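Asker: Below: sequence and its predicted model.
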Amino acid sequence: MNNFLQHAHSGLRWIGLFLLLVTIFKAFAGMSGNKSFSAGDKKLALFTLISMHLQLVIGLWLYVNFITSEGFDFGASMKNPLMRFFSVEHITGMIVAIAMITVGYSRAKRMSSDKGKFKSIAIFFTIGLVLILAMIPWPFMAKFATFKWF
């Protein structure tokens, strides 16, 4: 089960990143022009939010199984850069990133002006994207060389 969830978590990141990039692009385009914040824009932002939260739920499930596994020593994992990344840095960075995306979506829902809605999504989703990209264990990084793209 964990192997399936790990592959799902790794594979679904591409859907989440794609939705996040499209939403950010559309938000900046809407912010720079005099476009109205349509129902389609709201749905795209919502689907992006849902995909990020789905990733969070799967990631939290994997994290709980990881730290409750037999033989896991939190103190010893702080000395190993790879273990520290997964037991502290990855989870913390992703929670903050998803919180930023959630704040951006929530603020956009409450705003009355279309330009303000686009601006809220553009700023907070971009902050979330930067954090997510920084916290993904990319295979081209030296300490993650054994990881695959999926």
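Answerer: That came through fine. Numbering: from 1, shown residues only.

Asker: Run through the residues that contact I67.
Answerer: By Cβ atoms under 8 Å, 6 or more residues apart in numbering, the contact list for I67 reads F74, S87. C-betas here are computed from N, CA, C, even on glycine.

Asker: For the lengthiest helix in the chain, name the packing helices and strands.
Answerer: For the chain, the helix with the greatest residue count under DSSP state H is helix 2-32. If contacts are counted by 3 or more Cβ pairs under 8 Å, 6 or more residues apart in numbering; DSSP states H and E, helix 2-32 sits against helix 39-67, helix 114-135.

Asker: right, and the helix or strand after the longest one?
Answerer: Using DSSP states H and E, the helix or strand that follows helix 39-67 in sequence is helix 74-77.

Asker: buried ones in that following helix?
Answerer: Judged by neighbour count using 16 or more other Cβ atoms under 10 Å, the buried positions of helix 74-77 are S77.

Asker: I'd like the numbering to begin with 11 instead of 1 from here.
Answerer: That works, and once the first residue is 11, the last one we named lands at helix 84-87.

Asker: Show me the contact partners of the helix or strand following it.
Answerer: Moving toward the C-terminus from helix 84-87, the first helix or strand encountered (DSSP H and E) is helix 91-94. Contacts made with helix 91-94 from outside it, assessed by Cβ under 8 Å, 6+ apart, are listed as A86, S87, M88, K153, F154.
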